[in-house]
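In: Have a look at this fold, sequence not included:
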DNA sequence: TGATTATTGTTAAATTATTAACATTGGTTT
DNA sequence: AAACCAATGTTAATAATTTAACAATAATCA
């Protein structure tokens, strides 16, 4: 019971068969959130490696680029059951693939930005040139200047179309960048019409029914945290 | 040694004197990062309470608004040494004050946004109407359309002015919202010229010397995390 | 007033996350 | 080939964070 038992439905008897790149752990349970976050970061870093024509990378190298420890990298990769083939580090391409098999869904998933103000446009911008199984397929807003135009690469629909578009485009994830006063109301609708995951950038904490995954991020909190630690350093 | 001993320089012998609102813990060491984050959130929620003319709030009430547990609230407040006066919950105004004494610096601290694209403007927008000891006093960019104009409430300076302005305005915190390719270079400068805290929104992990506090946030990671948990729910 | 309830502050336990330790395994060097 | 080295995968230990448990105390009520 050293192996955290919530991770696997079946438990390994000895050790993993070597030499096979066993992302055959179909029966793996949910990974810790922190690990998922890091996997996403690993992949992005690995893609940079590909650009640099690096085809292999050591755990300590990958770790250094992300300012974490090599053990952490190795441990995370252990959790997803990836083993390096050679002793000359991880096969970059293969690892990108493996991570994809773990964190991406099989078919791609559609995403919408709700509220296409500055932050919404920034988010939309981040999607550009991003391969990945996530497609930004729509944005929503009520500003007549925006509605029915393509903004930052996505068509903007009025809020009144939200039900129709969620269903028509099979949108599963919403990124919420609306003014605070509007956050609760539009979330309630989005969820009602089938949204299964929300990334909330507003300052309003949201309530979602179980079965809907909610991730919240608050800039002000981050800034105040920085300020606090700057202050503490000084004293 | 039940009381995490990194928290206090001196250790309490029995329990805190009751009835005094003892934010007299001048000798308190750094709080856990997670607690600092929550304190910021508590304060924001408490400010909303004031708007609603609520002058007292129970721990479970505050907790519910933030979707955390009441124990967590009480524990955090214990760490900053705040006690409710009555048994009718926490005095909202007083608690706002106490939190301020802990997480704010005495004199206000100046902040700049580096890179005033969509995300930079979004961040700037968040500062509007925010009381607090943090003042957004400048932004930097090289776009001739932006330089020397006031954007989202702050004057934009060219990157060449960064040394001068950091010193002139005593800027201590930088919010980094530049294109990825430029992130490392400008960070190096900012740090050299006296920046002590950085909130990095670019996708490039940064290196900073010790003595500089770095907080990184990556939207793509958050989105991929949401996607992962949505997928897992479904399977 | 005495019993009951609601809420707190605090200690202790449980959980989660990170780091250290180390045996193992190819590769490299002499 | 023997000795050494570099890097991995894994278990064990440590640290951080959250949750539970509970005694203490004010408010309420019968």
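Out: Received the coordinates, thanks. This structure is a prediction, so every number in the text was calculated from the model and none was measured. Numbers count the residues shown, from 1 in each chain, chains lettered A, B, ... in the order given.

In: Which strand residues bridge the residue lying closest to residue A:150 once chain neighbours are set aside?
Out: Leaving aside its sequence neighbours, residue A:150 sits nearest to residue A:156 (CB to CB, 6 or more residues apart in numbering or on different chains; 7.3 Å). C-betas here are computed from N, CA, C, even on glycine. For residue A:156, the beta-bridge partners are residue A:139 (DSSP bridges).

In: number of nearby residues for the closest residue to DNA strand C within chain A?
Out: Nearest residue of chain A to DNA strand C (CB to the nearest atom of the strand) works out as residue A:32 at 3.2 Å. The number of residues packed near residue A:32 is 13, by other CB atoms under 10 Å in any protein chain shown.

In: just how off-centre is stretch A:221-234 within its chain?
Out: 26 Å (CA atoms, centre = their mean, to the nearest Å).

In: Oh, that last question was meant for stretch A:37-46, not what I typed.
Out: Using CA atoms, centre = their mean, the mean C-alpha position of stretch A:37-46 is found 10 Å from that of the whole chain.

In: try stretch A:184-203
Out: 17 Å.

In: Check stretch A:38-58 too.
Out: Worked out by CA atoms, centre = their mean, stretch A:38-58 lies 16 Å from the chain centre.

In: Run through who's touching that stretch.
Out: Applying CB atoms under 8 Å, 6 or more residues apart in numbering or on different chains, the external contacts of stretch A:38-58 come out as A:31, A:62, A:65-66, A:68, A:70, A:72-73, A:76, A:80, A:86, A:88-93, A:95-96, A:99-100, A:102-103, B:203, B:205, B:218, B:220-221, B:224-225.

In: And it, what's buried?
Out: By 16 or more other CB atoms under 10 Å in any protein chain shown, the buried positions in stretch A:38-58 come out as A:38, A:39, A:40, A:41, A:42, A:43, A:44, A:45, A:46, A:49, A:56, A:57.

In: which outside residues touch the helix-or-strand element of chain A with minimal mean pLDDT?
Out: The weakest-scoring helix or strand in chain A, judged by mean pLDDT, DSSP states H and E, is helix A:219-234 (a mean of 91). When contacts are defined by CB under 8 Å, 6+ apart, helix A:219-234 is touched by residues A:201, A:203, B:30-31, B:33, B:36-37, B:40-41, B:44, B:102-105, B:109, B:111, B:123, B:126, B:130, B:132-134, B:172-173, B:175, B:196-199, B:211, B:213, B:215, B:217.

In: hang on, the earlier thing: from the contacts of stretch A:38-58, which ones fall inside helices?
Out: If you go by DSSP state H, those have A:62, A:65-66, A:70, A:72-73, A:76, A:92-93, A:95-96, A:99-100, A:102-103, B:220-221, B:224-225 in helices.

In: Just the buried subset of the residues you listed, please.
Out: A:62, A:65-66, A:72-73, A:76, A:92, A:95-96, A:99, A:102-103, B:220-221, B:224-225.

In: Between which two of the residues you listed is the distance greatest?
Out: A:92 and B:225 (22.2 Å; CB to CB).

In: and residue A:181, how many residues sit next to it?
Out: Neighbour number of residue A:181 under other CB under 10 Å is 9.

In: three-state assignment of it?
Out: helix (DSSP: H, G, I helix; E, B strand; the rest coil).

In: all strands of chain A, in order?
Out: For chain A, applying DSSP state E gives strands covering A:56-57, A:90-91, A:109-114, A:134-140, A:150-151, A:154-157, A:171-176, A:197-200, A:213-216.

In: right, is the third one up against chain B?
Out: Yes. Taking CB under 8 Å from any CB of the partner chain as the criterion, strand A:109-114 and chain B are in contact, through A:109, A:111.

In: Now do that strand and strand A:134-140, the angle between them.
Out: 30 degrees (axes from the mean of the first three to the mean of the last three CA atoms, to 10 degrees).

In: tilt between strand A:109-114 and helix B:219-234?
Out: 120 degrees.

In: now do the longest one
Out: Between strand A:134-140 and helix B:219-234, the angle formed by their directions is 100 degrees, by the same axes, to 10 degrees.

In: Just give me how far strand A:134-140 sits from the chain centre.
Out: 15 Å.

In: which other helices and strands contact that strand?
Out: With contacts taken as 3 or more CB pairs under 8 Å, 6 or more residues apart in numbering or on different chains; DSSP states H and E, strand A:134-140 sits against strand A:109-114, helix A:118-127, strand A:154-157, helix A:162-168, strand A:171-176, helix B:219-234.

In: Can you say which of these is nearest to residue B:161?
Out: Closest among those, using CB to CB: helix A:118-127, at 23.4 Å.

In: picking that back up, which pair in the buried residues of stretch A:38-58 spans the largest distance?
Out: The widest separation within these (CB to CB) is 20.9 Å, between A:40 and A:56.

In: Quick check: residue A:219 vs residue B:124, distance?
Out: Distance of residue A:219 to residue B:124, computed by CB to CB, to the nearest Å: 11 Å.

In: Can you give me the neighbour number for residue A:31?
Out: Neighbours of residue A:31 (other CB under 10 Å): 20.

In: One more: the one 4 residues further on?
Out: Neighbour count of residue A:35, defined by other CB under 10 Å: 20.

In: who's in contact with the residue lying closest to it once chain neighbours are set aside?
Out: Counting by CB to CB, 6+ apart, residue A:35 lies nearest to residue A:76, which is 5.0 Å off, once chain neighbours are set aside. Contacts for residue A:76 (CB under 8 Å, 6+ apart) come out as A:35, A:38, A:39, A:42.

In: Recalculate using a threshold of 10 Å.
Out: A:31-32, A:34-39, A:41-42, A:59, A:68, A:82, A:99 (CB atoms under 10 Å, 6 or more residues apart in numbering or on different chains).

In: of those, list those near DNA strand D.
Out: Filtering the contacts of residue A:76 for proximity to DNA strand D by CB under 7 Å from any atom of the strand leaves A:59, A:82.

In: could the contacts of residue A:76 be laid out in CSV, adding pLDDT?
Out: Converted to CSV, the contacts of residue A:76 look like this (pLDDT from 0 to 100):
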residue, pLDDT
A:31, 90
A:32, 92
A:34, 95
A:35, 96
A:36, 95
A:37, 96
A:38, 97
A:39, 97
A:41, 96
A:42, 97
A:59, 96
A:68, 95
A:82, 91
A:99, 95
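
In: so can I have TSV of the contacts of residue A:76 showing distance to residue B:166?
Out: Listed next are these as TSV, based on distance: CB to CB, whole Å:
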residue	distance to residue B:166
A:31	41
A:32	39
A:34	34
A:35	38
A:36	37
A:37	32
A:38	33
A:39	37
A:41	29
A:42	34
A:59	37
A:68	29
A:82	44
A:99	39
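
In: Which member of the contacts of residue A:76 is positioned nearest residue B:140?
Out: residue A:41 (26.6 Å).

In: quick revisit: does any part of the least confident helix or strand of chain A sit near DNA strand D?
Out: No. Contact of helix A:219-234 with DNA strand D is not found when judged by CB under 7 Å from any atom of the strand; the minimum separation is 11.6 Å.

In: gap between residue A:175 and residue A:229?
Out: 28 Å.

In: The two - which one has more neighbours?
Out: Taking neighbours as other CB under 10 Å, residue A:175 and residue A:229 compare with residue A:175 leading, 27 against 21.
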